[in-house]
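Colleague: sequence and predicted structure are below.
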There are 2 protein chains.
Amino acid sequence: MADIYVALIHYPVCNKNQKVVSTCITGVDLHDIARSALTYGIKKYFVVNPQAAQIAFAKRIVDCWKKDESYTHNWTRAEAFSRLELAETLEEVMAKLKDPILVMTSARPKSNITYARLRLMLKKLKRPVLILFGTGWGMADELFKKADHILPPIKGKGSYNHLSVRSAAAVIMDRLLGG
Amino acid sequence: MADIYVALIHYPVCNKNQKVVSTCITGVDLHDIARSALTYGIKKYFVVNPQAAQIAFAKRIVDCWKKDESYTHNWTRAEAFSRLELAETLEEVMAKLKDPILVMTSARPKSNITYARLRLMLKKLKRPVLILFGTGWGMADELFKKADHILPPIKGKGSYNHLSVRSAAAVIMDRLLGG
């Protein structure tokens, strides 16, 4: 089984006018995706943001959950936060993981692999795998050029597929790694 | 195909000391579960809370997203909120839906049906189906006595399964209704 990592990307992403921007970190993205990552056996959850003030904001939350009192107050949150790591750039994460296979997700149709096929591949792969989730209105095109694999959008019953990144990340981990 | 409804229950639920309490509504539960509900073709998303102040708080958010400006600002949120309805009690929701089949979810093992079996049943059922999601540390025992079906906990790789209710709701809708 491959070691699997996830990263939440705040730059480069699009805003609703398709301009490339850096988005803000939200507390609930830290909590929810860390809890999903731990549930599905993800090795590390990287939160990637190039803005020093944003990293400082997130660090205050992460540090709070590393305290002994936090374990006593709510060990399920504290344990989830122990998998979370802050990073300024995707390049930094890629270097740390030593050439991982890069899997991207998107709410737009540009996939080149199915969930079933990647699920099977993950069981056999030896190289680490890094799965990226975008914020804002989706990751910028320049990132997709680096991807080894791109997963299909999550479809439900109609044409509306505007899940929160927290919900989409949970569904994607479940499709790839759920019991 | 059955008409499927979901409800987020704030009372009666347990706190971490297993005492039955009423929990607070959080804004992100309104947004995230409404977006998942619309993605998966759920007819209505009921938010159930017996506290007048809590309903008033949620109503301010819901009403804001019903305004024309909100549709212009972010139609994906406005559209999702159009499926959301506030209710004081589960009984009120059950009466409105005229005797729905009641499906409960839990992070604890007390299931009597699999995801695969319920997914198949939903395609054939004519009666409406109401799926309940709990807040706090899970729904109170008295609710489980009313359930027609109880789904298994969501399992990942190990024993940790402390997903947020937003993530769990998305995964459960995906397992039952995902394309």
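Modeller: Right, received. Where do you want to start?

Colleague: give me the buried positions along the helix or strand of chain A with the lowest mean pLDDT.
Modeller: Of all helical and strand segments in chain A, the minimum by mean pLDDT, DSSP states H and E falls on helix A:68-73, at a mean of 92. By neighbour count on 16 or more other C-beta atoms under 10 Å in any protein chain shown, the buried set for helix A:68-73 is A:Ser70. C-beta coordinates here come from the backbone N, C-alpha and C atoms, glycine included.

Colleague: got the angle between the helix or strand A:Ala169 falls within and helix B:165-177?
Modeller: Assigned by DSSP states H and E, A:Ala169 belongs to helix A:165-177. Here helix A:165-177 points in a direction 50 degrees away from that of helix B:165-177 (axes from the mean of the first three to the mean of the last three C-alpha atoms, to 10 degrees).

Colleague: now do stretch A:68-78: everything it contacts.
Modeller: Residues from elsewhere that reach stretch A:68-78 (C-beta atoms under 8 Å, 6 or more residues apart in numbering or on different chains): A:31, A:35, A:64-66, A:79, A:81, B:16, B:160, B:162.

Colleague: repeat the analysis, applying 7 Å as the threshold.
Modeller: Applying C-beta atoms under 7 Å, 6 or more residues apart in numbering or on different chains, the contact partners of stretch A:68-78 are A:31, A:64-65, B:162.

Colleague: which one of the residues you listed is nearest to A:Leu102?
Modeller: Set against A:Leu102, the nearest of the contacts of stretch A:68-78 by C-beta to C-beta is A:His31 (25.3 Å).

Colleague: got a pLDDT number for the closest one?
Modeller: Per-residue pLDDT puts A:His31 at 98.

Colleague: equivalent analysis for A:Lys157, please.
Modeller: Per-residue confidence (pLDDT) for A:Lys157: 83.

Colleague: now for the nearest residue to it once chain neighbours are set aside, how many residues are close by?
Modeller: Take A:Lys157 and drop its neighbours on the chain: the residue closest to it by C-beta to C-beta, 6 or more residues apart in numbering or on different chains is B:Gly41, 2.9 Å away. Neighbours of B:Gly41 under the rule other C-beta atoms under 10 Å in any protein chain shown: 16.

Colleague: so who does B:Gly41 touch?
Modeller: Contact analysis of B:Gly41 by C-beta under 7 Å, 6+ apart lists A:156-158, B:177.

Colleague: in helices, which of those fall?
Modeller: Judged by DSSP state H, helices contain the following of these: B:Leu177.

Colleague: most neighbours, which of the contacts of B:Gly41?
Modeller: A:Gly156 (21 neighbours).

Colleague: the helix holding A:Ala169 packs against which elements?
Modeller: If you count contacts as 3 or more C-beta pairs under 7 Å, 6 or more residues apart in numbering or on different chains; DSSP states H and E, helix A:165-177 packs onto helix A:27-39, helix A:115-124, strand A:129-134, helix B:27-39, helix B:165-177.

Colleague: try 6 Å
Modeller: When contacts are defined as 3 or more C-beta pairs under 6 Å, 6 or more residues apart in numbering or on different chains; DSSP states H and E, helix A:165-177 sits against helix A:27-39, helix B:165-177.

Colleague: can you list those helices in TSV and add distance to A:Ala170?
Modeller: TSV is the format used below for the helices and strands packed on helix A:165-177 (distance: least, C-beta to C-beta, whole Å):
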stretch	distance to A:Ala170
helix A:27-39	5
helix B:165-177	4
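
Colleague: on that earlier part again, now name the helix or strand holding the residue nearest to A:Lys157.
Modeller: Applying DSSP H and E, one finds B:Gly41 in no helix or strand.

Colleague: mind checking which of the helices and strands packed on helix A:165-177 is nearest B:Ala56?
Modeller: The nearest among these, by C-beta to C-beta, is helix B:165-177 at 21.7 Å.

Colleague: now the closest one - C-alpha only, PDB.
Modeller: Extracted C-alpha coordinates of helix B:165-177, given in PDB (Å, rounded to 0.1, in the frame of the first residue of the first chain):
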ATOM      1  CA  VAL B 165     -21.200  15.600  10.900                       C
ATOM      2  CA  ARG B 166     -20.700  17.600   7.700                       C
ATOM      3  CA  SER B 167     -18.200  15.100   6.300                       C
ATOM      4  CA  ALA B 168     -20.100  12.100   7.500                       C
ATOM      5  CA  ALA B 169     -23.300  13.400   5.900                       C
ATOM      6  CA  ALA B 170     -21.500  13.900   2.600                       C
ATOM      7  CA  VAL B 171     -20.000  10.400   2.700                       C
ATOM      8  CA  ILE B 172     -23.300   8.800   3.600                       C
ATOM      9  CA  MET B 173     -25.200  10.600   0.800                       C
ATOM     10  CA  ASP B 174     -22.400   9.600  -1.600                       C
ATOM     11  CA  ARG B 175     -22.600   6.000  -0.600                       C
ATOM     12  CA  LEU B 176     -26.400   5.900  -1.000                       C
ATOM     13  CA  LEU B 177     -26.900   8.200  -4.000                       C
END
